[in-house]
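Q: Sequence and predicted structure, then a few things I'm wondering about:
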Amino acid sequence: MTNHSHSISLTRYLIEEQRAGRINADLRLLIEVVARACKTISIAVGKGALGGVLGDAGTGGEASINVQGEAQKKLDVLSNEILLEANAWGGHLAGLASEEMDTSQPIPDVYPRGNYLLLFDPLDGSSNIDVNISVGTIFSVLRAPDGVTQATDADFLQPGTAQVAAGYCTYGPSTMLVLTVGNGTHAFTLDREIGSFVMTTRGMRIPEETKEFAVNMSNQRFWEAPMQRYVGDLLAGKEGPRGKDFNMRWVASMVADVHRILTRGGIFSYPLDSKCAAKGGKLRLMYEANPMALLVEQAGGAASTGRQRMLEVQPTGLHQRVPVFLGSRREVETAVRYHAEHD
Ligand code: AHM
Ligand code: MG
């Protein structure tokens with residue numbers, strides 16, 4: 001049995017943030033509700049094949065396809081439902097949006113409404129579910145524009161700098177919630193025996209320099225010229241212009257890759273390539289890039305599209321995609337420099 005007599009639970013951390021005037025009661029409730037939904041998702045993910053939840057969603061051999069044109073996994077659908085149901089009745093939201101739904105979701109009329117907008121990717125990296133590799137939930141919280149109590153899609157189109165909270169939960173060997181309310185990035189580990197998240201790292205800091213990069217190398221021939229040159233120089237190692245050897249890691253679950261970078265540094269990139277250029281990139285601004293960018297900046301790192309600070313991108317669509325470079329500050333600046341020199 002672990003001794004938690006001096007530990008700080010997520011609940012206590014949030015109450016202390018509220019006392020310090022950094023969050024209000026509604027935002028505290030919202031984060032608690034998201035965390036509770038993540039615990040439920042964690043249980044479903046942890047059961048694996050025993051829970052009958054692996055594999056594709058859909059019936060009669062027909063795959064279910066989401067708004068992104070991707071086949072949905074049963075756990076994608078289940079996680080989405082868990083988050084929707086948990087957040088509908090609390091009275092803290094003016095609307096919800098999910099990577100798995102075409103349009104934003106109004107709050108049912110029977111429930112009171114609040115001032116916040118919640119966006120989430122219910123189960124990111126879901127291609128990894130069936131092979132028992134870490135997946136995660138990513139979420140972002142915005143304020144509803146003044147006077148809006150029932151939000152429409154346009155109300156969500158705010159730049160990442162407007163986020164009042166962001167976080168992810170990673171379902172790996174342990175379940176961890178990593179959170180920012182704009183006052184540092186903190187990690188909480190789920191204590192499965194008592195069922196609560198306990199702070200295990202206060203104030204995560206990403207080392208400024210790194211010798212590790214994360215990218216799907218199989219896309220190399222589809223990248224733009226500056227990305228080709230940047231990664232070419234990383235691979236050239238000590239003998240190349242960078243003068244040091246780089247290691248590579250790619251889990252293909254953004255949550256797991258970003259969690260590694262928040263823990264020990266590195267650069268994560270999903271650049272523009274000729275396969276995804278028409279869409280603007282692979283990863284979604286509102287559900288993936290912006291919340292991760294806030295967490296990374298709050299831990300002393302940087303996040304960019306390669307040409308612009310991620311958090312300053314003005315969204316034009318709920319499901320907009322962007323190129324992503326994030327992690328160790330100096331390394332992200334270097335990747336940005338390669339783009340600037342080329343343009
Ligand atoms: P998803 O939201 O459909 O799961 O897609 C996002 C995932 C990220 O978690 C990950 O970084 C990337 O897609 C992996 O892409 P690839 O399959 O090209 O390696
Ligand atoms: Mg996803």
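A: Nice, I can see it. Ligands and ions are numbered 1, 2, ... in the order given.

Q: Next one, pLDDT for the one residue sitting closest to the centre of the chain please.
A: With distances taken as Cα atoms, centre = their mean, Ile138 lies nearest the centre of the chain, 3.7 Å away. Predicted confidence (pLDDT) for Ile138: 98.

Q: Give me the sheet partners of the strand or helix carrying it and which way each runs.
A: Taking DSSP states H and E as the definition, Ile138 sits inside strand 135-143. Strand 135-143 has its sheet partners listed here by DSSP bridges as strand 116-124 (antiparallel), strand 165-171 (antiparallel).

Q: Kindly export the first one (C-alpha atoms) in PDB.
A: Output of strand 116-124 as PDB, limited to C-alpha atoms (Å, rounded to 0.1, in the frame of the first residue of the first chain):
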ATOM      1  CA  TYR A 116     -17.300  27.100 -20.700                       C
ATOM      2  CA  LEU A 117     -16.700  25.300 -24.000                       C
ATOM      3  CA  LEU A 118     -15.100  21.800 -23.800                       C
ATOM      4  CA  LEU A 119     -13.300  20.200 -26.800                       C
ATOM      5  CA  PHE A 120     -11.800  16.800 -26.800                       C
ATOM      6  CA  ASP A 121     -10.200  14.000 -28.700                       C
ATOM      7  CA  PRO A 122     -11.800  11.100 -26.700                       C
ATOM      8  CA  LEU A 123      -9.300   8.500 -27.600                       C
ATOM      9  CA  ASP A 124      -6.200   9.600 -29.500                       C
END
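
Q: Check the offset of it from the chain's centre.
A: Centroid displacement of strand 116-124 relative to its chain, using Cα atoms, centre = their mean, to the nearest Å, is 9 Å.

Q: how about it against ligand 2, any contact?
A: Yes - for strand 116-124, a contact with ligand 2 is found by Cβ under 5 Å from the ion, at 121, 124. From N, CA and C alone the C-beta is placed, and that goes for glycine too.

Q: what about Ile43, neighbour count?
A: Residues within reach of Ile43, counting by other Cβ atoms under 10 Å, total 14.

Q: Minimum distance to ligand 1, which residue of the stretch 151-300 of the chain gives it?
A: Using Cβ to the nearest ligand atom, the closest approach of the stretch 151-300 of the chain to ligand 1 is made by Met254 at 3.4 Å.

Q: Adding mean pLDDT, write the strands paired with strand 135-143 out as JSON lines.
A: JSON lines is the format used below for the strands paired with strand 135-143 (pLDDT from 0 to 100):
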{"stretch": "strand 116-124", "mean pLDDT": "97"}
{"stretch": "strand 165-171", "mean pLDDT": "98"}
